[in-house]
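> Sequence plus predicted model, see below.
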Amino acid sequence: MRDAEDLLTQWGRWSRQQVGIPRCTSPSYVLMRDNVEQMDSLPAASITDDDALMIDRFVALMGRRKPDMADCIRVYYRGLDKTMAEVGKELGLARLKVRELIIAGHAFIEGCLEVRVAA
């Protein structure tokens with residue numbers, strides 16, 4: 001089983017892939033786009049869609065219970081290499097509070113993964 005931090009990192013990459021690309025595209029456009037080397041592209045996510053959607057669901061559940069924790073997780077992992085200080089500035093929180101919330105978010109995701117494995 002992969003750890004929560006790795007899954008969250010890959011989920012963040014997955015959620016940024018193909019942002020801004022229209023969902024209704026022609027098959028020939030998709031073939032051309034996917035077969036051209038992208039020079040300035042982000043690192044590819046090494047996570048399946050099912051696993052990424054599972055993490056997305058866990059973060060949404062976190063958002064219902066602890067919205068500030070979910071906001072920190074979203075901004076930190078979906079942001080492009082943002083530091084905890086930058087996340088804190090964006091959310092109006094201290095860097096140490098952001099650090100605590102991210103650690104708690106990891107624990108929340110680990111707990112969700114454990115419950116899923118035990119079921």
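That came through fine.
> Okay, buried residues for the helix or strand where V98 lies please.
With elements taken from DSSP states H and E, the one containing V98 is helix 95-118. Neighbour counts over helix 95-118 (16 or more other C-beta atoms under 10 Å) mark 97-99, 101-102, 104-106, 108-110, 112-113 as buried. Where you see a C-beta, it was placed from the backbone N, CA and C, and this is true even at glycine.
> Stretch 5-13 now?
Of the residues in stretch 5-13, those buried by neighbour count under the rule 16+ other C-beta under 10 Å are L7, L8, T9, Q10, W11, G12, R13.
> about what we covered before: which one of the buried residues of helix 95-118 is nearest to I55?
I109 (7.0 Å; C-beta to C-beta).
> What separation do you get for that closest one and A94?
23 Å (C-beta to C-beta, to the nearest Å).
> same question, L101
From L101 to A94 the distance is 10 Å (C-beta to C-beta).
> how about A4, what does it touch?
H106, A107, I109, E110, L113 (C-beta atoms under 8 Å, 6 or more residues apart in numbering).
> And the next helix or strand past the helix or strand of the chain with the lowest mean pLDDT?
In the chain, no helix or strand scores lower on mean pLDDT, DSSP states H and E than helix 27-34, which sits at a mean of 69. The helix or strand immediately downstream of helix 27-34 is helix 49-65, counting by DSSP H and E.
> Any chance you could list what contacts that next one?
Applying C-beta under 8 Å, 6+ apart, the contact partners of helix 49-65 are 7-8, 10-11, 14-15, 45, 47, 69-71, 73-74, 105, 108-109, 112-113, 116.
> what comes up buried for it?
For helix 49-65, a neighbour-count test (16+ other C-beta under 10 Å) marks D51, A52, M54, I55, F58, V59, M62 as buried.
> Can you lay out the residues you listed as TSV showing pLDDT and distance to K82?
Output for those, formatted as TSV (pLDDT from 0 to 100; distance: C-beta to C-beta, whole Å):
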residue	pLDDT	distance to K82
D51	93	23
A52	92	20
M54	95	24
I55	95	18
F58	97	21
V59	97	16
M62	97	19
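> Make a markdown table from those residues and add distance to K89 to it.
Output for the buried residues of helix 49-65, formatted as a markdown table (distance: C-beta to C-beta, whole Å):
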| residue | distance to K89 |
| --- | --- |
| D51 | 31 |
| A52 | 27 |
| M54 | 30 |
| I55 | 25 |
| F58 | 26 |
| V59 | 21 |
| M62 | 22 |
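> Thanks again, I'm all set now.
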